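got a predicted structure here, sequence first:
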Amino acid sequence: MAHPSQLGFQDAASPIMEELIHFHDHALMIAFTISTLVLYIIIVVVSTTLTNKYILDSQEIEIIWTILPGAILFMIALPSLRILYLMDEINDPHLTVKAIGHQWYWSYEYTDYQHLAFDSYMVPTQDLTPGQFRLLETDHRMVIPTETPVRVLVTAEDVLHSWAVPALGIKMDAIPGRLNQTAFMSSRPGVFYGQCSEICGANHSFMPIAVEAVPLEHFENWSSLMLEDA
């Protein structure tokens, strides 16, 4: 999860998030190079007397500043389109979970199981135990197996919501009457926190998301216990 004074992204917990971090670093270096070059040109222009009309009206310069931005956009577009394709690609998911946004909590339905569904509410501050995080912990976490393709169907019951978990590289809008889908695979065990990322009302900041990734055998034990309780 995020921590105070953090400057970068959260540690990646999925292959997609690793790709997004690499693309961010790639684009940031391009932006840094452009900024440095522009600053250098400004300093040179300010500190010298460029009065030669052949320099100011050079056809070669015009060709360079036309082709160079196109090449830069090409360098950014290719990896960007590749990641967009990877994020939209959903091949044979092993588990499907339906996330439903409400004012102001989330409901989860495991569509591969009968009667495995529950609501997930934020744990009030006074009920937190040592080690739990204020405004992020929930009474029921969405539990998934690690290294397993998971499809998440996202919708809403009342108003617009957004199901977002930064460490997993996921942000999908929840729209009433519409079923959006996304997919991810957790590459390591852990608890990954997120929040509704669409301003959905007075308690918008009090509907967190907690995704717990566990080994497959632990997930099977958890699902069996949940089905028994149901």
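Received, thanks.

which helices and strands sit right next to the helix or strand hosting I67?
If you go by DSSP states H and E, I67 is part of helix 59-88. Judged by 3 or more Cβ pairs under 8 Å, 6 or more residues apart in numbering; DSSP states H and E, the packing partners of helix 59-88 are helix 15-47. (Each C-beta comes from the backbone N, C-alpha and C, glycine too.)

and the chain, what are its domain boundaries?
15-88, 95-229 (automatic domain parsing).

deepest of those domains, which one?
The highest mean neighbour count among the domains of the chain, using mean count of other Cβ atoms under 10 Å, belongs to domain 95-229: a mean of 17.

now do that domain, average pLDDT.
For domain 95-229, mean pLDDT rounds to 94.

what's the spacing between that domain and its chain's center?
Its chain's average C-alpha position is 14 Å from that of domain 95-229, according to Cα atoms, centre = their mean, to the nearest Å.

ranges for the helices of the chain?
Counting by DSSP state H, the chain has helices at residues 15-47, 53-56, 59-88, 216-229.

which one of those lies nearest to H161?
Of all those, it is helix 59-88 that lies closest to H161, at 19.4 Å by Cβ to Cβ.

how far does that closest one sit from the chain's center?
24 Å.

quick one, that helix and helix 15-47 angle?
Interaxial angle, helix 59-88 versus helix 15-47 (axes from the mean of the first three to the mean of the last three Cα atoms, to 10 degrees): 160 degrees.

in a markdown table: the domains of the chain, plus distance to F9.
Formatted as a markdown table, those follow (distance: least, Cβ to Cβ, whole Å):
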| stretch | distance to F9 |
| --- | --- |
| domain 15-88 | 5 |
| domain 95-229 | 7 |
